[in-house]
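J.: Sequence first, predicted model second:
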Amino acid sequence: MCFLFYFMNFILLFLQALYRLSDDTVIENARVNLAYKWFLRLNPEDVLRPFPIKPV
């Protein structure tokens with residue numbers, strides 16, 4: 001689970017930097033855009049939920 005969290009965050013940050021998107025825009029695109037879901041290795045019917053941030 002931890003690896004998946006870091007992998008998805010890295011990919012989302014990469015897409016955000018590549019296309020110069022805001023945080024909200026990149027998350028919304030990842031929820032609805034099939035190309036983003038493919039890049040994140042998600043199935044089309046998977047729901048992208050925000051991960052809670054836990055202090056270490």
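T.: That came through, no problem. Keep in mind the model is a prediction, meaning the values are calculated, not measured.
J.: Pull the number of nearby residues for residue 14.
T.: The local packing of residue 14 (other CB atoms under 10 Å) involves 12 other residues. Placement of C-beta: from N, CA and C, glycine included.
J.: where does it land on pLDDT?
T.: Looking at residue 14, its pLDDT reads 93.
J.: residue ranges for the helices of this protein, please.
T.: In the chain, the helices defined using DSSP state H lie at 2-19, 23-32, 34-39.
J.: Now for residue 48, how many residues are close by?
T.: Neighbour tally, residue 48, other CB under 10 Å: 17.
J.: Please apply the same query to residue 35.
T.: 10.
J.: ok, it - contacts?
T.: Taking CB atoms under 8 Å, 6 or more residues apart in numbering, we find residue 35 in contact with no residue.
J.: Please report how far it lies from residue 29.
T.: Distance, residue 35 to residue 29, using CB to CB, to the nearest Å: 9 Å.
J.: And for residue 16?
T.: 10 Å.
J.: Please name the spatially closest residue to the residue minimising distance to the centre of the chain (chain neighbours excluded).
T.: Centroid-nearest residue in the chain: residue 12, 4.4 Å away (criterion: CA atoms, centre = their mean). Nearest residue to residue 12 in three dimensions, chain neighbours excluded: residue 26, at 5.6 Å (CB to CB, 6 or more residues apart in numbering).
J.: quick one, what contacts the one you found?
T.: Applying CB under 8 Å, 6+ apart, the residues near residue 26 are 12, 15-16, 19.
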